[in-house]
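A.B. asks: Got a predicted structure here, sequence first:
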Amino acid sequence: MKSDPEVAVVRLSGMISASGRGTLNDASLAPLIDKAFSRGKPAAVALQINSPGGSPVQSSLIGARIRRMAEEKNVPVFAFVEDVAASGGYWLASAADEIFADDSSVVGSVGVISASFGAHELLARYGVERRVYTAGRSKSMLDPFRPEQPEDVERLKRLLEDIHTNFKEHVTRRRGARLAEGRDLFTGEVWLGRSAVELGLIDGIGHMKPVLRDRFGDKVRFRSYGARKSLLSRLGAQMMDDALQSVEERSAFAQYGL
């Protein structure tokens, strides 16, 4: 007898970073993504995305893993944006075959940013001398405790431009002819749901269950895959680490007014 269709649901919520508990990275998501595509015969995989972005490399690794599994298992992928899919979060969303969002979801930010600080004047004011010894004249590039050097800034800008090019190529490859012509969509700007539809960044306004029930029928079942917290985490350990990470994550979401 033919069973009811099943959709595997993978939640991608938080910052994207190579390290840190609770962040999104390829190492922690690999078993969940692989299981979502491989367990049984899912009619589709749904990605619930709520991320302000983060590491471009981890974004690329996760997105590439999703595409590999989708093509290997011949399973369509749907992305559903909650509050935000910006920067690396949009990289993940564009790994899907179709993207849906809420009217008020924040989408886009196809750009690259690097932020630091300069404290050399503060050190000089208090008579602190910083001593750094290197082998290789570029090894101390953009040291925040030394005056900024124009050649270091130029070198950093070249790196950022190369990463931005990779990001643009990924979005163009995945969204193709759906992207609006005559608009520069790669300035780092963000848009809300309906504007994102008009620009071709997403495919429609809709929430996960209604959209997928319309696509696969009212009897479709949903199976969720998510990371389990460690015993120490469940007992309230590492509270300071969680607090610091929460502050960083809140700051990332806050730049989009969330």
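C.D. replies: Arrived safely, thanks for sending. Predicted model, so just to flag it, every value in this text is computed and none were measured.

A.B. asks: Can you show me the helices along the stretch 51-200 of the chain?
C.D. replies: Per DSSP state H, counting those that start in this stretch, the stretch 51-200 of the chain carries helices over the ranges 56-73, 88-93, 120-125, 150-175, 193-198.

A.B. asks: what about the stretch 151-258 of the chain, any weak spots by pLDDT?
C.D. replies: Within the stretch 151-258 of the chain, the segments meeting pLDDT under 70 span 227-258.

A.B. asks: show me where it has strands.
C.D. replies: 190-192, 204-205, 221-225 (DSSP state E, counting those that start in this stretch).

A.B. asks: Summarise which helices and strands the last one is packed against.
C.D. replies: With contacts taken as 3 or more C-beta pairs under 8 Å, 6 or more residues apart in numbering; DSSP states H and E, strand 221-225 sits against strand 6-13, helix 26-38. Placement of C-beta: from N, CA and C, glycine included.

A.B. asks: by how many degrees do the last one and helix 56-73 diverge?
C.D. replies: If I follow you right, that is helix 26-38. Calculated by axes from the mean of the first three to the mean of the last three C-alpha atoms, to 10 degrees, helix 26-38 forms an angle of 20 degrees with helix 56-73.

A.B. asks: what do you get for the first one?
C.D. replies: Interaxial angle, strand 6-13 versus helix 56-73 (the same axes, to 10 degrees): 180 degrees.

A.B. asks: thinking again about what came up before, same list (the helices and strands packed on strand 221-225) but as a markdown table, adding mean pLDDT.
C.D. replies: Compiled in a markdown table, the helices and strands packed on strand 221-225 are given as follows (pLDDT from 0 to 100):
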| stretch | mean pLDDT |
| --- | --- |
| strand 6-13 | 96 |
| helix 26-38 | 96 |
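
A.B. asks: So which of the ones you listed is nearest residue 189?
C.D. replies: strand 6-13 (22.3 Å; C-beta to C-beta).

A.B. asks: Residue 15: neighbour count?
C.D. replies: Using other C-beta atoms under 10 Å, residue 15 has 23 neighbouring residues.

A.B. asks: from memory residue 205 sits against residue 104, does it?
C.D. replies: No. With contact defined as C-beta atoms under 8 Å, residue 205 does not count as touching residue 104 (10.0 Å).

A.B. asks: any shared contact partners between the two?
C.D. replies: residue 193 (C-beta atoms under 8 Å, 6 or more residues apart in numbering).

A.B. asks: More neighbours: those two, which one.
C.D. replies: In this view residue 205 and residue 104 are compared by other C-beta under 10 Å, and residue 205 has more residues nearby, 15 against 11.

A.B. asks: quick one, what contacts that one?
C.D. replies: 100, 101, 102, 103, 193, 194, 197.

A.B. asks: Adding distance to residue 125 and mean neighbour count as columns, could you present the helices and strands packed on strand 221-225 in JSON lines?
C.D. replies: Conversion of those to JSON lines gives the following (distance: least, C-beta to C-beta, whole Å; neighbours: other C-beta atoms under 10 Å):
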{"stretch": "strand 6-13", "distance to residue 125": "43", "mean neighbour count": "20"}
{"stretch": "helix 26-38", "distance to residue 125": "43", "mean neighbour count": "17"}
